[in-house]
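S.K.: Give me a model of this one.
(one chain, ligands or ions: 1)
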Amino acid sequence: MTVRPILHVGNPRLREVSRPLARAELASAEMQTLIDDLIDTMRAANGAGIAAPQVGELVRIATIEVNENPRYPYKPRIPLTVVVNPVVEFLDDEMVDVNEGCLSVPNMRGNVLRHVNIRVTYLDRHGNEHVETKRGLTAGTFQHELDHLDGLLFLDRVHDTRTLTTWEQFERYHRAAFVERITAFVERVGS
Ligand code: ZN
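M.R.: Residues are numbered from 1 along each chain as shown. Below is the predicted model of the structure:
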């Protein structure tokens, strides 16, 4: 198990566009080790996902997993998913306003509009192609992680900077209203 240091906002590598991987390189020991390290690092930090540039590797790989997550107790579960060279299509114009945080933006949260219905095409760690539709908060989690591959952070998408809050102030002033609203959303759209 290797937990790698996570880069924080201000590190220029977080702002670069990562490169796609050919199947042969994906199969290399180096990339398979990187995937294992991303999973270990994501789990150690209680993240819902992590992208390779967050550990300084500028390749288009992200891992996503939601179990019982103390950072995000209202999120529907997502089984461990490794996405390589992902491409997202927005299926309609429905949006949801989500309060997000990020392992690369310590102690900060803010509200971001995400598409509710997306189709994502990606390779798994073995090079097999998947085409899947994602919905609701799960779709939002995919959009957050895939943004990292293009050098974007959730901060760039915060539509009202007055929603920015530390975790402590979120808990104190905003959490109850957000959880009530987002729980109703999850019950309406599922996943
Ligand atoms: Zn992030």
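S.K.: How about the contacts made by the residue nearest the centre of the chain?
M.R.: Nearest residue to the geometric centre of the chain (CA atoms, centre = their mean): E145, 3.0 Å. Residues near E145 by CB atoms under 8 Å, 6 or more residues apart in numbering: G49, I50, A51, A62, I64, V83. C-beta coordinates here come from the backbone N, C-alpha and C atoms, glycine included.
S.K.: how about those residues, which pair is most distant?
M.R.: Farthest apart among the contacts of E145 by CB to CB are I50 and V83. That separation is 11.3 Å.
S.K.: Neighbour count: the two, which is higher?
M.R.: More neighbours surround I50 than the other of I50 and V83, with 28 against 25 (other CB atoms under 10 Å).
S.K.: Please settle this for me: is that one part of a strand?
M.R.: Yes - counting by DSSP: H, G, I helix; E, B strand; the rest coil, I50 is located in a strand.
S.K.: SS state for the residue lying closest to it once chain neighbours are set aside?
M.R.: Leaving aside its chain neighbours, I50 sits nearest to M42 (4.1 Å; criterion: CB to CB, 6 or more residues apart in numbering). The three-state assignment at M42 reads helix, by three-state DSSP.
S.K.: Quick one: the helices in this structure, in order.
M.R.: Along the chain, the stretches classed as helices by DSSP state H are 23-26, 29-44, 136-148, 154-157, 167-169, 175-189.
S.K.: Just name the most buried of those helices.
M.R.: By mean neighbour count, with neighbours taken as mean count of other CB atoms under 10 Å, helix 136-148 ranks first of these at a mean of 24.
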